[in-house]
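Visitor: Pasting the sequence and the predicted coordinates here, then a few questions.
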Amino acid sequence: MSYMLSSLKESLSPRGAWLNLRFYWYSADRSNGIFVAVIILLFVLLGLFIHRTVVNQYEARELRCLTLNVYHEARGEPDKGKYAVASVTLNRVASKHYPNTVCDVVFQKRWDYLRKRYVSAFSWTELDAPITTNSRAWKNAALIAEDVYRNPKARKLQGALFYHARSIRPSWARKKIRVATIGRHVFYN
């Protein structure tokens, strides 16, 4: 009886538990465990591959929307103006008052009580404007959009959410704080 008690005490001690675990490891048939581990590893790798693919597709879509906005809104502007337009777009994404994705911000529509119809935030989205993707203007807009999208330090006009062409005087601009005039655009917080 005392032998059984001492054996039980030893198997419950940390040293005894370690010895039992080592004995089990060396005497057990591990082929099932290895098979399960390989299957789990394959599922993890497949999940990581699918996740990366989805993230890449999402980023490509977001970059295309940002490039479209820079291209249509600031195609004739200096690079500083293109950076500012891209920054305003991403500032809206970061704002709680706007949608959470670049594409949703670019193609957002709101009800206009004066016109009694939905109006786009960016007027070019209401038109069928042609795009020349092999043009220098498109490539420049794509480079600037990617720089601003991937590098927060490249963003100009932190906090600016609005802009308009200098040739117009919208009524909403009177209530905003002007922060810059770049090219043919005026920017506001």
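Guide: Nice, thanks for sending it over. Numbers count the residues shown, from 1 in each chain.

Visitor: Now do whichever strand or helix holds residue 23: distance to the chain's middle.
Guide: When elements are assigned from DSSP states H and E, residue 23 belongs to helix 14-27. Taking Cα atoms, centre = their mean, to the nearest Å, one finds helix 14-27 lying 49 Å from the centre of the chain it belongs to.

Visitor: any idea of the mean pLDDT in that helix?
Guide: Predicted confidence along helix 14-27 averages 78 (mean pLDDT).

Visitor: where in this structure is pLDDT low?
Guide: Within the chain, the stretches with pLDDT under 70 are 1-12.

Visitor: Count the residues that sit near residue 157.
Guide: Residue 157 is flanked by 21 other residues according to other Cβ atoms under 10 Å. For the C-beta atoms, the positions are set from N, CA and C on the backbone; glycine is no exception.

Visitor: how close does it sit to residue 59?
Guide: Per Cβ to Cβ, to the nearest Å, residue 157 is found 23 Å from residue 59.

Visitor: if I pick residue 109, what's in contact with it?
Guide: With Cβ atoms under 8 Å, 6 or more residues apart in numbering as the criterion, the residues that contact residue 109 are 118, 119, 120, 121.

Visitor: now the angle from the longest helix along the chain to helix 14-27?
Guide: The longest helix of the chain (DSSP state H) is helix 31-74. Computed with axes from the mean of the first three to the mean of the last three Cα atoms, to 10 degrees, the direction of helix 31-74 lies at 90 degrees from that of helix 14-27.

Visitor: What helices and strands are in contact with helix 31-74?
Guide: helix 79-94, helix 102-106, helix 136-150 (3 or more Cβ pairs under 8 Å, 6 or more residues apart in numbering; DSSP states H and E).

Visitor: so what's the residue nearest to the spatial centre of the chain up against?
Guide: For the chain, the residue lying nearest the average C-alpha position, counting by Cα atoms, centre = their mean, turns out to be residue 59 (6.2 Å). Counting by Cβ under 8 Å, 6+ apart, residue 59 makes contact with residue 149.

Visitor: Can you verify residue 167 is assigned to a strand?
Guide: No - the assignment for residue 167, made by DSSP: H, G, I helix; E, B strand; the rest coil, is coil rather than a strand.

Visitor: Need the phi and psi values for it.
Guide: According to degrees, to the nearest 10, the main-chain angles of residue 167 amount to phi -80, psi -10.
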